[in-house]
Every structure is written in C-alpha cells, then in structure tokens.
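J.: Attaching a predicted model along with its sequence, questions to come.
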Amino acid sequence: MNVQAILALRPRLAGFVAVLAAAMGLAQAAAATTAPIVRVFVVQVPSAQDHEFIVGVKAYEKCLSDSGTKQATYVYDAETGDLTRYLFLNEYSTWAGMDAHDAAATACRDVFGTEVLPHVGQALSQVAVLDPKDTYMPGGDPDPAPMLWVDSYRIKPGQGQEFNAAMQHLAAAAAKTHWEGHFAGYDIAAGGRGAQDFVQVWPNKSWADAGRDPSPSPMKMVASVYGAASVKSGHRKFLATIADHWSDTWSYDKDLSVIPGK
C-alpha cells in the first residue's frame, strides 16, 4: 500500500486487529534469529464503495506487478467483526528495511491516488514484531494461511512480565510435546492510543480447522509438562494480567494480494 497516502487519513479504526502477520511465512519467521517487522494496514471501506475499491486495488496491484515490485503485499478480508475491513500486510526483516521505498510503489502512486484512495473510508497502521519465545510454528503450515484466528490482548500496567512468562511457558510446552496447535506471538511496538499490546495468531486451513480444538487442550498440554497444580496457579496469574481480550477471524484474498515471482 502507499504508506503516505494511507497515513494521511486522519480517522482511526476502533478495535483494529493489528498483527495478522502469520500470512507472511510464520514458519520461517519463527526460526529466524531476528524477529521480522510487519507494517499492518487495516482499511475500512464504505459498503457502497466496496466494488470500486476492489477494482481499484486490483488495478494498483497489477501496476505494482508490471513495474517489477519486490515488496509482497498480503491481503485478508474480515470474516468476523466489522466486515467492511481489509487487512494489508508488508513484511520487513529489520526496522531499517522500512526506510527503503519500493520503486514500483513510487511508479504506481498516481494509480493508487485515483483508483484506490477515493474509496477508502478510514484507515489505521501499526507495527508488529514477532516474539520467537511466544511462538510455536514448527513448519508445515500453508503460507500464506487460508484463514487466521487472532486473539488480541491489552495487558494491565506493570503486568507485562507476568503475561509474557505465561505465553513463553505455553510455547515451550508446545515445543516439548510437539503439540498439534501452532501459533505465533507478536508485540505491538507502535499501535497508537487504545491499541492492543499483544496478539496471538493461529493459522488455519478452513472454518472446520478453526473450529476444531487442538488435542490435548492447551491446559492439559501445559499440565503434562509443568504439572496440574502449577498450571492452575499460573493460569489464575495469567488471567489477572489481562485488561481486555477479543478475537477476530480473517480469510486470505488471493485476488487482491501480490507476491513477486508468483
């Protein structure tokens, strides 16, 4: 997306699900020594302008492809919550990578300004950073994931360390038991006022996959490693760290995405 144009829109989206970066290769990201940085844009489109927005994005993405873009853009459609939202994701290996501007985006700036921007109602941008210690993505998941289940958390002041400890215990136990449930944890480094602090992303192949609980359950899996008494106490402490929690589901939009070389 054209970052400058998006950020020029002053309205902010409430309840933004900031970091659905599992669409961008979590299996590889989880193994990386440096957590990837993800620019996340959620765009809200007035219902009456949805068709024009889709046509405009396709024109813009075609321009990017024809201009030899090297920057992948993954697009997801909201399946729950506000259904007028679209999610655009750009991945970077470092913070410095965001300083380099894609020449194709510059070449297609006018297309974005005339074909896409007029149909955008509101927009929000955030920066998300993968936390490998809160992540269990051993590989084998589809990339990009067809669907994403995202749990978002706001953490009570002063409770970040306790919250992260619980997430790390979950990830460590999942790795030790080779658990069938896969997930990635992301810290929101720059979310703006009212944003969540952390999101846990669960990649899924379908609604059936999303609705099926991993076996054993998370509590039983962790208890098999740390013991039932320890897990019960730890779970109470974990719940006490949470100021707010909500979930969203998103589906991958292949037609609106652009992946160089594919």
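T.: Arrived safely, thanks for sending.

J.: C-alpha from now on. contacts and neighbour counts both.
T.: Fine.

J.: Counting neighbours, what do you get for residue 193?
T.: Residues near residue 193, counting by other CA atoms under 10 Å, number 7.

J.: Can you mark which positions in stretch 84-100 are buried?
T.: Neighbour-count burial for stretch 84-100, counted by 16 or more other CA atoms under 10 Å, picks out 84-92.

J.: just the helices in the stretch 101-250 of the chain please.
T.: Along the stretch 101-250 of the chain, counting by DSSP state H, counting those that start in this stretch, helices occupy 103-107, 109-111, 160-177, 207-211, 218-226, 228-240.

J.: give me the number of residues near the closest residue to residue 206 other than its chain neighbours?
T.: Leaving out its chain neighbours, the residue that sits closest to residue 206 by CA to CA, 6 or more residues apart in numbering is residue 147, at 6.2 Å. Neighbourhood size, residue 147 [other CA under 10 Å]: 25.

J.: do residue 114 as well
T.: 12.

J.: That one and residue 67, how far apart?
T.: Distance, residue 114 to residue 67, using CA to CA, to the nearest Å: 18 Å.

J.: again, but for residue 75
T.: Counting by CA to CA, the gap from residue 75 to residue 67 is 19 Å.

J.: Over to residue 170?
T.: Residue 170 is 44 Å from residue 67, where distance means CA to CA.

J.: neighbour-wise, which of the two wins?
T.: Between residue 170 and residue 67, residue 170 has the larger neighbour count (other CA under 10 Å), namely 22 against 15.

J.: show me the contacts for residue 135.
T.: Taking CA atoms under 8 Å, 6 or more residues apart in numbering, we find residue 135 in contact with 30, 168, 171, 183-185.

J.: Please repeat the previous calculation with a cut-off of 6 Å.
T.: Counting by CA atoms under 6 Å, 6 or more residues apart in numbering, residue 135 touches 171, 183-185.

J.: picking up where we left off before, export the helices of the stretch 101-250 of the chain to CSV and tack on mean pLDDT and distance to residue 37?
T.: Listed next are the helices of the stretch 101-250 of the chain as CSV, based on pLDDT from 0 to 100; distance: least, CA to CA, whole Å:
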stretch, mean pLDDT, distance to residue 37
helix 103-107, 95, 19
helix 109-111, 97, 24
helix 160-177, 96, 19
helix 207-211, 93, 26
helix 218-226, 95, 28
helix 228-240, 94, 26
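
J.: Could you say which one of those comes nearest to residue 36?
T.: Proximity to residue 36 (CA to CA) singles out helix 160-177 among the helices of the stretch 101-250 of the chain, at 18.2 Å.
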